[in-house]
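[1] I'd like to go over a predicted model; first the sequence, then the structure.
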Amino acid sequence: MRPLLASLPLLALLGGCSYLPTLDSLPSVTGEKVLGLVTPYRVEVVQGNVLTKEMVARVKPGMPKTQVRDLLGSPLLTDVFHESRWDYVFTINRQGAAPQKRLVVAVFDGDKLKSLDVPDDLPSEQEFVAAINTFKPGKKEPKLELTEAERSALPPPKRSAEAAPTAAAEGPAPGRIYPPLDAKPGSGS
């Protein structure tokens with residue numbers, strides 16, 4: 001009888017677990033809240049080479065492999081069995097931004113670039129920055145300059161009758177004595 005009574009709290013706890021969400025019902029990458037309270041932290045994963053329209057436009061057929069590598073960076077994938085193909089893969093998963101994946105393929109004929117296979121959705125530099133920017137600025141922008149009316153309302157700057165002495169005219173700060181720069185050996189200073 002005692003084992004049965006001792007197991008009742010355990011059975012009650014296990015019964016309560018049926019009300020917790022299952023793994024299937026947990027939020028997706030959109031940043032939904034778990035149990036309506038907490039937004040889980042999503043690890044930011046960036047892999048590969050960021051290639052933009054401007055970068056790809058500089059690459060022309062006939063360029064040597066070294067020049068292509070200088071302009072686009074080292075490819076993420078190179079295959080020993082297909083040395084004439086370089087795959088530039090880029091993926092990014094950021095919390096609050098849509099996941100992105102792109103593939104640019106460079107095909108070589110010997111040491112010279114034969115073709116560059118570029119996807120249609122390759123963004124410009126500005127489009128890429130806008131796509132990954134998760135910072136949401138406030139509605140009110142700070143005021144950086146005074147208007148002419150505000151400037152005219154300011155009191156004029158105070159000017160003293162005597163010109164303020166410059167630091168060079170004052171000499172060294174009080175209490176500091178510096179040795180002469182052209183001190184001769186044995187002169188005692």
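    Structure received. Residues are numbered from 1 along each chain as shown.
[2] shaky segments in the protein?
    16-36, 134-138, 160-173, 183-189 (pLDDT under 70).
[3] roughly how far does Ser115 sit from Lys60?
    11 Å (C-beta to C-beta, to the nearest Å). All C-beta spots, glycine's among them, are computed from the backbone N, C-alpha and C.
[4] measure Leu90 to Pro9 for me?
    That one is not Leu; residue 90 is Phe. 54 Å.
[5] so for these two, which residue has more residues nearby?
    Phe90 (18 against 9; other C-beta atoms under 10 Å).
[6] can you tell me the SS state at that one?
    strand (DSSP: H, G, I helix; E, B strand; the rest coil).
[7] so it touches Gln47, yeah?
    Yes. Contact criterion C-beta atoms under 8 Å: Phe90 and Gln47 qualify, at 7.2 Å.
[8] shared neighbours of these two, which are they?
    With contacts taken as C-beta atoms under 8 Å, 6 or more residues apart in numbering, Phe90 and Gln47 have Leu76 as neighbours in common.
[9] for Asp109, which residues are in contact?
    Ser84.
[10] quickly note the distance from it to Ser115.
    From Asp109 to Ser115 the distance is 9 Å (C-beta to C-beta).
[11] and what of Leu51?
    Distance from Leu51 to Ser115, by C-beta to C-beta: 15 Å.
[12] okay, those two: which has more neighbours?
    Leu51 (24 against 11).
[13] got the phi and psi for the spatially closest residue to that one that is not a sequence neighbour?
    In space, and not counting its chain neighbours, Leu51 is closest to Val104: 5.3 Å by C-beta to C-beta, 6 or more residues apart in numbering. As for Val104, its main-chain torsions (degrees, to the nearest 10) stand at phi -120, psi 130.
[14] repeat that for the one 5 residues further on.
    Taking degrees, to the nearest 10, you get phi -120, psi 100 for the backbone angles of Asp109.
[15] so it bridges to which residues?
    Lys112 (DSSP bridges).
[16] and it, how far is that from Phe81?
    17 Å.
[17] burial of Glu125, as a residue count?
    12.
[18] now it: phi and psi?
    The phi/psi pair for Glu125 (degrees, to the nearest 10) is phi -60, psi -40.
[19] which residues touch it?
    Thr52, Lys53, Glu54.
[20] what's the longest helix in the protein?
    helix 2-16 (DSSP state H).
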